[in-house]
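Q: return atomic coordinates for the entry below.
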Amino acid sequence: MEDIRRMNCPKFLAVNKIDIVPEEKLFPQLGQLHDCGFDQIVSTSARTGENVDLLLKLMIEAMPEGPKYFPDDMITDQPERVMCAEIIREKALRNLRDEVPHGIGVEMLQIKKVSDTLTEIHADIYCERASHKSIIIGKHGVMLQKIGSEAREDIERLLGTKVMLKLWVKVREDWRNRASDLRALGYEE
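A: Residues are numbered from 1 along each chain as shown. Predicted structure coming up:
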């Protein structure tokens, strides 16, 4: 508590679970904490949400604005290649969340600007088991088509061109446990 008193910054104490502690027990103990150097003590309940907004507001107001690291028009520091792979992976995971665990990786094979209005993208979707491959493809290719269609729409918005997206599904067993595979799929540098 002495260390907290010496800190030269805003200090808040959040006391949680006020929904299960009777007020007659809580308030005397909170009173003992007023001399501990906190700027404000906020009693909260994560379950009911009571005073959570107040605590968040206090913390936001107390945070100084940091330096500007990127230009206003820059929305990410990731290359388009990584963004496209993540969009494809996101669509696969959203559509397959109940059937396939998160063992899906996307390798961008080619991004080729065919013209000012068309970009061609080739990518492999990797899974860890042959049984997952058939689930990702779906009956008559319906699931892969759905993943590709949803991903293509988002990629077109990102790139500002029409996109011809070609996806293949491949099995690469245990890829999440091999550094070379993680690098190939863009998860490690």
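
Q: buried stuff in the least confident helix or strand in the chain by mean pLDDT?
A: In the chain, the helix or strand scored least confidently by mean pLDDT, DSSP states H and E is helix 23-32, which has a mean of 79. Using 16 or more other Cβ atoms under 10 Å as the test for burial, helix 23-32 gives L30. For the C-beta atoms, the positions are set from N, CA and C on the backbone; glycine is no exception.

Q: pull the residues that contact it.
A: Contacts to helix 23-32, defined as Cβ atoms under 8 Å, 6 or more residues apart in numbering, come from residues 15, 18, 41, 43.

Q: low pLDDT regions in the chain?
A: Confidence mapping of the chain against pLDDT under 70 gives the ranges 75-77, 101, 188-189.

Q: middle-most residue in it, spatially?
A: E90 (9.9 Å; Cα atoms, centre = their mean).

Q: just the element for that residue, please.
A: helix 80-96 (DSSP states H and E).

Q: which parts of that helix are buried?
A: Those buried within helix 80-96 under the rule 16+ other Cβ under 10 Å are 83-85, 87-92, 95-96.

Q: sorry, back to before: list buried residues within the contacts of helix 23-32.
A: 15, 18, 43.

Q: isn't the second one up against E50?
A: Yes. Under the criterion of Cβ atoms under 8 Å, I18 is in contact with E50, at a separation of 6.6 Å.
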